[in-house]
Each structure stands twice: as structure tokens, then as C-alpha cells.
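Asks: Next comes the sequence, and after it the predicted model I'd like to discuss.
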Amino acid sequence: MSDSQRWFFLIFTLIVGFLLYLLQPILSPFLIAALLAYLTDPLADRLEARGLSRTLSVVVVFLVMTTVLLLLVILLIPKLGHQVQVMVKMVPQVFSMIQTVWIPWLEEHTGLSFAEFDLQNLQALMSGHWQQTGSLVKGVFSSVSQSGLALAAWVANLALIPVVMFYLLRDWDVMMDKIGVLLPRNVERKVTLWAQECDEVLGAFIKGQLLVMLALGVIYSLGLWAVGLDLALLVGMLAGLASIVPYMGFIIGIVVAGVAAMLQFNDITMLGWVGAVFAVGQALEGMVLTPLLVGDRIGLHPVAVIFAIMAGGQLFGFVGILIALPVAAVIMVLLRHLHQGYKSSKLYDC
């Protein structure tokens, strides 16, 4: 790569980053649509390979996504809303258990004193936030209904996602080919190789990991439901979502489910059943789900995932969260090639 090309790519990257910063208030629906198009493009490609036209393949993908979304809205959303309300009612019981059981146990076994711990204020603060969370949907609709312009903008952004996704998905392969044609010929092969490696990383952490998260959420929910836990769906889905970072879903899920089980059953043996559910989930993740859905593709380190999401949110808000993992994947690939170049350079072997 010549010096002029290096400068061009550097300036181009800075301009794109600056535009993202300026346009972040309106980018969310476009980025969500692009992410959905990226995730569903392999399915559209398979349908196209079976003889369907590209447009018809996209229509089939949309019908499948719409069906799944309707099922989620009809079956899951009301149940989740009910379980959130149940969790809100459990908050005072949790603080009562902390004050009457856990704090005395800790004081007895550690010798520490928690007399100055202001549990009442913490309980009031947490209860207030949980009440806000429980009425979040009602508050959102109440606030947007006060302004016709805000409501119109919200509806427009929501309606824009499927429209943009349809056109992006229909023309995805064409756009990728045109981008490849625009690359300088002397770097086209290397950039294509880098793009394939980035897609491999993204495939492991966006496509594969999302499927693993969904499967774990279903496994945990069904297991906790079999145990008899009232918050089975809510805790299972929460643990599944947190599984984007290895072991975080297991830790969060088993702690929340354990507390909920103790409050509901007041029987310490139920902790064993809760632990068995999450142990089975972890075993299935390690031996079946991750090898089958993710495979041996290179993924991002858990610390890199956490840092990327937090850094993206700090720099660009919700837009930054959406682009955090793709950008982290690109940086990881570039750093790996930079490391290889450094190891073969005179700076290293002199």
C-alpha cells in the first residue's frame, strides 16, 4: 500500500467516524436494519440457491421474521410483563431476607459489623426504581402521547427499520460486490481476506452467540418452569441474554433464581434444583451448543466484549452499542495482522 493510499484510508476512516458522531440521533433504525440484514443474509442466500429469486427469498425471510415476532408478542410479552410485576412485589421480601438472615449470618461468620449499613434507604431507592421499571411501558406511551411530533418520530423510526432492512437485504450481495470493485487493485485481495476474517469473528459472536443465548434462555426457562419457579421465563431470558459474556449468564441466573426460589418456597433444597438446572445448561452450552452453533471460529475475548460495549455506549450512546462488536471485530483482525507484520519486521528481529 502506497503512502497516498494509507493517508486516504486514514482520512476516510476519520470522516466516517465524525459523521457517525454527528448523525447518531438518526442512525439507530438504519444500524438496526443493517444488523438484521447481515444476520438474515445467509438464509436469503440459501433460499436463492434453491431456485427462488432474490426478492422472493427476502419476502420469505420477512414472513418468517414477522411470524416469530407476532408469536413473541402474543405469547411471551404478556407473561414477561406479569413476571416483572411479581418481581417488583418481591423486592421488599429480598431486603427483609438480607436484614434478617444474610446479615446476621455474615456477622456471625466474618466478625464484621453491618450495623451502620443503611438498608432502609437502599430498599426505598431500589423499590422506587423497580416501580419505575414495572411501569416503564406505560410511562413511555404516556410521555410520547403528550407530543404528537414525538409520537410521529417514534412511529416513523419503528416503521423505517423493516423498510430499510428489506432494501439492504435485497441488495446486500450487490453492495458487497460494488464495494469490492471500488477497492484499489493492489490491496483488494488483502482487504477481502481481512473482511472474511471479520465476518468469521462476527459470525461467532453475533450469529452463533445469539443462537446460543436464545437456546440457553429457552433451556433455563423450561428448567426453572419444571422446578416450579414463578419467575422462570423472566430469569431464564435474563440469564440467556447475559450469556453473551461466558459464565456471566450462569452467575446472574443462578443468583437471581436462587433468591427467587428461597422467597417462593422457603426451602433450601430448592437451591439444589436451581443449581441442577444451570449446571445442565452450562454442560449443554459447553458440549453441544457452542461447538454446534459457534464451532471453532475465532471469537472476541469476554473482556473485549465488555469493554467494546461500554466504550461504544460512552462515545456514541445507543448507536455506539450497536456498532461496538463489529468495530471490535475489525480492530481485532487488524491488530492480529499488525502483530504478524511486527513479528516479521526489522523492528522485532534486528
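Replies: Sure, I can see it.

Asks: Would you mind listing the buried residues in stretch 227-244?
Replies: Buried residues in stretch 227-244, defined by neighbour count with 16 or more other C-beta atoms under 10 Å: 227, 229-244. Yep, even glycine has a C-beta here, placed from its N, CA and C like the rest.

Asks: Show me those that map onto helices.
Replies: Per DSSP state H, helices hold the following members of the buried residues of stretch 227-244: 227, 232-242.

Asks: closest to residue 345 among the residues you listed?
Replies: residue 242 (41.3 Å; C-beta to C-beta).

Asks: quick one: the closest residue to the closest one other than its chain neighbours and residue 64, what's the gap?
Replies: Nearest residue to residue 242 in three dimensions, chain neighbours excluded: residue 249, at 3.9 Å (C-beta to C-beta, 6 or more residues apart in numbering). The spacing between residue 249 and residue 64, counted by C-beta to C-beta, to the nearest Å, is 26 Å.

Asks: Find the nearest non-adjacent residue to residue 184, please.
Replies: Spatial nearest neighbour of residue 184, chain neighbours left out: residue 5 (5.9 Å); criterion: C-beta to C-beta, 6+ apart.

Asks: right, and the helix or strand after the helix or strand containing that neighbour?
Replies: Here residue 5 is covered by helix 3-49, with elements defined by DSSP states H and E. Next in sequence after helix 3-49, counting helices and strands by DSSP H and E, comes helix 54-71.

Asks: Sort out which residues of that following helix are buried, please.
Replies: So, applying 16+ other C-beta under 10 Å, buried residues of helix 54-71: 54, 57-59, 61-62, 65.

Asks: Looking at the residues you listed, which is nearest residue 191?
Replies: Nearest to residue 191 among these is residue 54, at 25.2 Å by C-beta to C-beta.

Asks: Lowest mean pLDDT among the helices and strands, pick that one out for the chain.
Replies: helix 136-145 (a mean of 46; mean pLDDT, DSSP states H and E).

Asks: in the stretch 151-300 of the chain, what spans have low per-residue confidence?
Replies: 151-154, 295-300 (pLDDT under 70).

Asks: Which parts of it are helices?
Replies: 172-182, 185-202, 209-227, 232-242, 248-265, 269-284 (DSSP state H, counting those that start in this stretch).

Asks: The residue nearest to residue 242: what's it in contact with?
Replies: Contacts for residue 249 (C-beta atoms under 8 Å, 6 or more residues apart in numbering) come out as 213, 216, 239-243.
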